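Colleague: here is the input, now give the coordinates:
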Amino acid sequence: MSDNSKKKKGGLLKKLLIAAGAVFVLLVVAVIVAPRFIPWEKVRQQIEEKGSAALNREVRIKDLKVSLLSGVEIAGFKIGPAKGHDEPALVSADRVVAKYRLLPLLWLQVVINKVELVEPKLFVGKDAKGRWSFADLVGAAPAGAAPAKPKPMTLPISVDIDSVKVKGGALSYRDASVKPAFTAGVEKLDVLVKSFSLSGALATLKVACTVKMDGKAMPIEAAGKLGVNLNRSLVTLQSLAVTIPGIKAAVGGEITQIQVLPTMNLTIHAVADLPAVWTGYAAFIPAGVKGMMSLAGSATVDAKVGGTQNKLSLSGTVVAKGVAVNMKDWPGAFDNLEGKISFTEDTVSATDLRFMSFASPFTFECQISKLGLAKPMAFDYRKFSPKGKFSAACPKLVLDKLLPPPMKLVGGKKAKPGAEPPPPPEMDFRGMIPKGVAIEGDIRIDEVRARKLTFLKEKVNVRIMGETISYQLSDGSYGGAMTGTGKISLGTYPIQFEAAGKLTGFQIGRFMDDGLETFVSGGSAGKGRIEGATAADYSVSCKGIWPASIKKNIKGNALVTVADGKVTKLSFLKTLGSVLKSDVFEHDMLFKSLGGHFTLGGGKADTPDFAMDPGTVGEMGLTYKGSITLEEFKLKGEMMTKFNPRHADEVMKGDVGKVLFTKDSAGWAVGYWDVAGTLFLPILTPSTKHVGDKAKAAATQQIRNATPAATNALRGLLKKKK
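Modeller: The predicted structure follows:
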């Protein structure tokens, strides 16, 4: 090539460079100067008008600022609800900012410095007819036509964003097609993403928000790595740490087909600190339960989540360690749950759960199906209808921890060392158990011990049908047999229960002896008072589950009889014997039958016909008409006692006996009494209906001259009642 040619080409290249430089300068000048001549206010108005017409909704932009050199800023953006609908705006934002770099566009690369959304809000809902709030925007497919599949989008250029920030965002959902309307959403949504790219590179993600459901709130935080590859339609999650009250979770995996039908392949490892869970979920706990119980222990969850929103696959395990439910009045009642639970989207199963370590632990097995989680978008808790069976067994259950301290009796009355605390509020379970639940199981306990009380061969069949729990039970304790049925209604407030049953061959004496030692301080002094085989037929109902509520609200009827037994060691009879100077009261009182009908209500048990029939073997008979309070076992009523002709003269030989007793036509010595005191220490006084004033005064004097013990027991009780 000649020097001339080289010079010509060099001059041409120089000219081209100068021309290119001039064009670039002109472009820069145009970018800087052009916006000054563009009527952006007109553009804003055109966007509002055209957008409103296209969407058939109000579109509003309060302010629009555009810099072709650096970015766009929009203030007061809103797309309103469909016309005629009374609901929040579909989309709104206080401010939207996008800042980009201009030069990388020359190399088909979009580099955005910052995307910022301030208080963005999105509303999705259904009206009373079940129509979605966005239905008018997507349109309806022709009848019988399959829904159109979205086409995946690819980008011919790369997109990188240095920072994406969302501040104070909110997502809200309202379903007015159900009654009452269901609301849920996300508030206080803050998101920060750094070094984000649509080519799959991992970006740093940080999210904080508050999830609300029916007005109750729960905070959530997440931080980790996020990758998005738009061309491969792939999202990658790496070491994503999620924190909600009391629960820390690590999430990893992929979501594919994000532009068509997102398909998950995720692993989750979570650890729950149950005391912190109980505190953190306080807003979701019913008022009647809050403060009455707490949780202890921990649980570890490992799960795999796959599939789509239309067909989810789920599997995993929950391992419980030291889990306990601590009741305020019964601390440590249900403690130390240990074992593993396996689950899928449709089943929950356990083969060796163990709990209640203070006893020989319960073993528990269950299989519950039809959880309905395979289609999460169609899941409705109120229509939740799992079906299942369970079984629980325990060789020896010791309930000492659950019992209140023994009651102290002073002078026949319950001791009150100080002001008693008010009864706890009743638990409210209304709406907590879906009506479609159907679970049945058996509980078998070989031996139940509550201090001295011992129950054997306990078998209970339980059926949970929605908010109703029913049961059938059998028992073989104290030489007898018991069968019963019951129903607990959780859909009412307070909780209501009903029970009915029969009892045969029950050795009442052994049971009462053990009961006295269990519930009454010093109760062993009252042992051995009665013997005999008991039969009972009862039916009761009540509102409430706490002892105070039961004593106040229980209602029902019972027939209780004891056959072929004896009564002994009755203190009031010994006192009476010392006054009458008769040893007949020192003998055991044999009887053919003892018992009567009882009516429960108003905090007491009334009996119109409680009687002891001596038959041909006994020396004494009696009838009692009156009541026994359920709070302190106080007695109030009238009693008739009679002694057979063999002992009538002995009972009536003294001056007091002549006053207190009269002979009937069959030769029995009959006396009438007013009854007070308690079931454990009854106090009898001569009935004012049957003893005249002069005779009563003479009897009073005779009693005062008797032994000091008798005088102390009956002093002042013979005064005429006003």
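
Colleague: for stretch 193-207, buried residues please.
Modeller: 193, 196, 197, 198, 202, 203, 205, 207 (16 or more other C-beta atoms under 10 Å). No exception for glycine: its C-beta is placed from N, CA and C like everyone else's.

Colleague: rank these by pLDDT and give me only the lowest.
Modeller: Comparing pLDDT over these, the lowest score belongs to residue 198 (83).

Colleague: what about it, distance to residue 252?
Modeller: 21 Å (C-beta to C-beta, to the nearest Å).

Colleague: all helices for the stretch 401-550 of the chain, in order.
Modeller: Secondary structure of the stretch 401-550 of the chain (DSSP state H, counting those that start in this stretch): helices at 508-519, 547-553.

Colleague: right, so the ones you listed: which one is the most enclosed?
Modeller: helix 508-519 (a mean of 19; mean count of other C-beta atoms under 10 Å).

Colleague: same question for it, mean pLDDT?
Modeller: Here helix 508-519 scores 85 as its mean pLDDT.

Colleague: packing partners for it?
Modeller: strand 453-465, strand 530-543, strand 555-567 (3 or more C-beta pairs under 8 Å, 6 or more residues apart in numbering; DSSP states H and E).

Colleague: excluding chain neighbours, what is closest to residue 209?
Modeller: Distance criterion C-beta to C-beta, 6 or more residues apart in numbering; nearest residue to residue 209, sequence neighbours excluded, is residue 189 at 4.2 Å.

Colleague: what's near enough to touch that neighbour?
Modeller: For residue 189, the contact set (C-beta atoms under 8 Å, 6 or more residues apart in numbering) comprises 166, 168, 169, 170, 171, 207, 208, 209.

Colleague: now, the residues you listed that are in strands?
Modeller: 166, 168, 169, 170, 171, 207, 208, 209 (DSSP state E).

Colleague: count the neighbours of the last one for me.
Modeller: When you say that, I think you mean residue 209. By the criterion of other C-beta atoms under 10 Å, residue 209 has 21 neighbours.

Colleague: cool, and the first one?
Modeller: Using other C-beta under 10 Å as the criterion, residue 166 is surrounded by 19 other residues.

Colleague: any figure for the gap between the residue nearest to it when sequence neighbours are not counted and residue 165?
Modeller: Take residue 166 and drop its neighbours on the chain: the residue closest to it by C-beta to C-beta, 6+ apart is residue 191, 3.9 Å away. Distance, residue 191 to residue 165, using C-beta to C-beta: 7 Å.

Colleague: same check on residue 180?
Modeller: 37 Å.

Colleague: same question, residue 536
Modeller: Counting by C-beta to C-beta - residue 536 and residue 165 are separated by 73 Å.

Colleague: closest to residue 615 out of the helices and strands packed on helix 508-519?
Modeller: Across the helices and strands packed on helix 508-519, residue 615 has its closest neighbour in strand 555-567 (8.8 Å, C-beta to C-beta).

Colleague: for that closest one, give the mean pLDDT please.
Modeller: In this model, strand 555-567 has a mean pLDDT of 93.

Colleague: buried sites along that strand?
Modeller: 556, 558, 560, 561, 562, 565, 566, 567.

Colleague: I figured the third one was touching residue 605, is that so?
Modeller: The one in question is residue 560. No. Between residue 560 and residue 605 there is no contact, the gap being 10.1 Å when judged by C-beta atoms under 8 Å.

Colleague: which residues do these two both contact?
Modeller: Counting by C-beta under 8 Å, 6+ apart, the residues touching both residue 560 and residue 605 are residue 598.

Colleague: tell me the contacts of residue 130?
Modeller: residue 177.

Colleague: looks to me like it is in a helix.
Modeller: No. Counting by DSSP: H, G, I helix; E, B strand; the rest coil, residue 130 falls outside a helix, being coil.

Colleague: give me the pLDDT for it.
Modeller: 81.

Colleague: quick check: it vs residue 178, distance?
Modeller: Residue 130 is 9 Å from residue 178, by C-beta to C-beta.

Colleague: so what's residue 212 closest to, chain neighbours aside?
Modeller: Per C-beta to C-beta, 6+ apart, closest to residue 212 is residue 185, 5.2 Å.

Colleague: which residues of the stretch 151-300 of the chain fall in helices?
Modeller: 274-280.

Colleague: of all the helices and strands packed on helix 508-519, which lies closest to residue 662?
Modeller: Nearest of the helices and strands packed on helix 508-519 (C-beta to C-beta): strand 555-567, 23.3 Å.

Colleague: and the nearest residue to residue 123 once chain neighbours are set aside, helix, strand or coil?
Modeller: Residue nearest to residue 123 in three dimensions, not counting chain neighbours: residue 88, with 4.4 Å by C-beta to C-beta, 6+ apart. Taking three-state DSSP as the rule, one finds residue 88 in the coil state.

Colleague: ok, now which ones touch residue 88?
Modeller: 81, 121, 123, 172 are the contacts of residue 88 under C-beta under 8 Å, 6+ apart.

Colleague: which one of those sits closest to residue 388?
Modeller: residue 172 (35.1 Å).

Colleague: and the gap between the residue lying closest to the closest one once chain neighbours are set aside and residue 251?
Modeller: The shortest distance from residue 172 to any residue other than its chain neighbours is 3.8 Å, reached at residue 185 (C-beta to C-beta, 6+ apart). Distance, residue 185 to residue 251, using C-beta to C-beta: 22 Å.

Colleague: thinking again about what came up before, just put the helices of the stretch 401-550 of the chain in TSV and tack on distance to residue 299.
Modeller: Formatted as TSV, those follow (distance: least, C-beta to C-beta, whole Å):
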stretch	distance to residue 299
helix 508-519	35
helix 547-553	32
